[in-house]
Each structure stands twice: as C-alpha cells, then as structure tokens.
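>>> Requesting a structural model of the entry that follows:
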Amino acid sequence: MSSDFEGYEQDFAVLTAEITSKITRVPRLPPDEKKQMVANVEKQLEEAKELLEQMDLEVREIPPQSRGMYSNRMRSYKQEMGKLETDFKRSRIAYSDEVRNELLGDDGNSSENQLIKLREERAHLLDNTERLERSSRRLEAGYQIAVETEQIGQEMLENLSHDREKIQRARDRLRETDANLGKSSRVLTGMLRRS
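This is a model prediction of the structure:
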C-alpha cells in the first residue's frame, strides 16, 4: 500500500520538477516553441492532477493510525500543485503579452521592452520565491515525519518495557511455583515414608 503511494510520490516529484523547469522557460522561447511548450505543460499538469488523485485514493486505504503522516504529505503536494498552476498562469500572461505586442505590430519601444523585461524578472523572482517556499514546506514535512517516527519509536519502547515487566513477573511466578512444587514433593515423600 505505502509502496504504491511512494511510487506515485516519486513520479509526482519528477513531473513537478519538469513542469517547473518548463514554466520558467516559457517567456523566453520563440513563439512557435512557446505554443508547443504551453500545450506540453498543460498536459503534464493534468498528469500531475491524476497522480494526486491516485495518491489520495491510496491514503484513504491506509489504516487510520498511520494515515496522519500521509495526509500531511498530501496537503503539501496539493499546495505545491496550486503553486505550479499559479506559476503557469503567470508565465502564460507574460507569453500572451508578447503575442499581443507581436499582433499589434509593436515597434519595440524601449519602455515596452523594459516593461517586458521587468515582468520576466519579476516572474523569475516569484519562481525562485515559490521554489524556496516549496523547499521549506518539504523540510517542514520531513521534520514532521521525523517527529512522528520518534513518537512511534517511543511508544514501541514503552510497550516493550511493559512486556519485559510482564515476562519478568511471569518468570518470578514460575520460580515460586517450582519452589512450592519442590516443597510439596518433599512433604508427600515424607508422608509416604511414615505410612
């Protein structure tokens, strides 16, 4: 069960990395390549959504006591998906501005070019900020998993300690019973000799 989830997780990570890479390249590509890249990214976003749905189904099948860790990871992945869609919209806006300028026969005014460059730089800075936020969320999720794992380990150690105490008490009772049986055997032997 969790191995299926982890497989989907790896596929999702690879796919989102590819999408992020393509989104950052969209504004800088020539018009023909841009159209193809936009269509490609749309297709990959759909694939990523399908992977999230599969992961969500897997999480629902996990026993409730183990589900919390996976639910946290799913929340993080859904947020990441939302950020990717937002980034894609931003890159398409930059792309559509350039197409509009081409259609309107923009003569390449320096102020318009500067505005485009500023938009590209802003989009690039936003991308970097988003990546940092995603990395922070992943680190936070990893920390949560470590804390949960530590709690589970602590519970297991406590259970083992209780089990050890039970085994020790049972061993002590067995020794007492053995000693009592020995006494009983001697008393019976003595009674048999007297009679």
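>>> those helices in the protein, which residues are they?
2-25, 31-61, 64-103, 110-194 (DSSP state H).
>>> CSV for the ones you listed, including mean pLDDT and mean neighbour count?
The C-beta positions use only the backbone N, C-alpha and C, and glycine is treated the same way. Formatted as CSV, the helices of the chain follow (pLDDT from 0 to 100; neighbours: other CB atoms under 10 Å):
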stretch, mean pLDDT, mean neighbour count
helix 2-25, 86, 16
helix 31-61, 88, 15
helix 64-103, 78, 16
helix 110-194, 86, 11
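>>> Can you give me the neighbour number for Val26?
21 (other CB atoms under 10 Å).
>>> Once you drop chain neighbours, what's closest to it?
Leaving out its chain neighbours, the residue that sits closest to Val26 by CB to CB, 6 or more residues apart in numbering is Ser91, at 4.2 Å.
>>> For that neighbour, which residues are in contact?
Ile23, Thr24, Val26, Pro27, Ala123 (CB atoms under 8 Å, 6 or more residues apart in numbering).
>>> what residues are up against the second one?
The neighbourhood of Thr24, defined by CB under 8 Å, 6+ apart, consists of Ser91, His124, Asp127.
>>> Glu120 and Thr24, how far apart?
10 Å (CB to CB, to the nearest Å).
>>> Could you do Tyr70 as well?
Tyr70 is 30 Å from Thr24, by CB to CB.
>>> Then Tyr8?
25 Å.
>>> just the contacts of Thr24 now: which is nearest Ser185?
Asp127 (85.4 Å; CB to CB).
>>> so who does the closest one touch?
Contacts of Asp127 by CB under 8 Å, 6+ apart are Thr20, Ile23, Thr24, Asp87.
>>> Which pair of those residues spans the longest distance?
Thr24 and Asp87 (8.2 Å).
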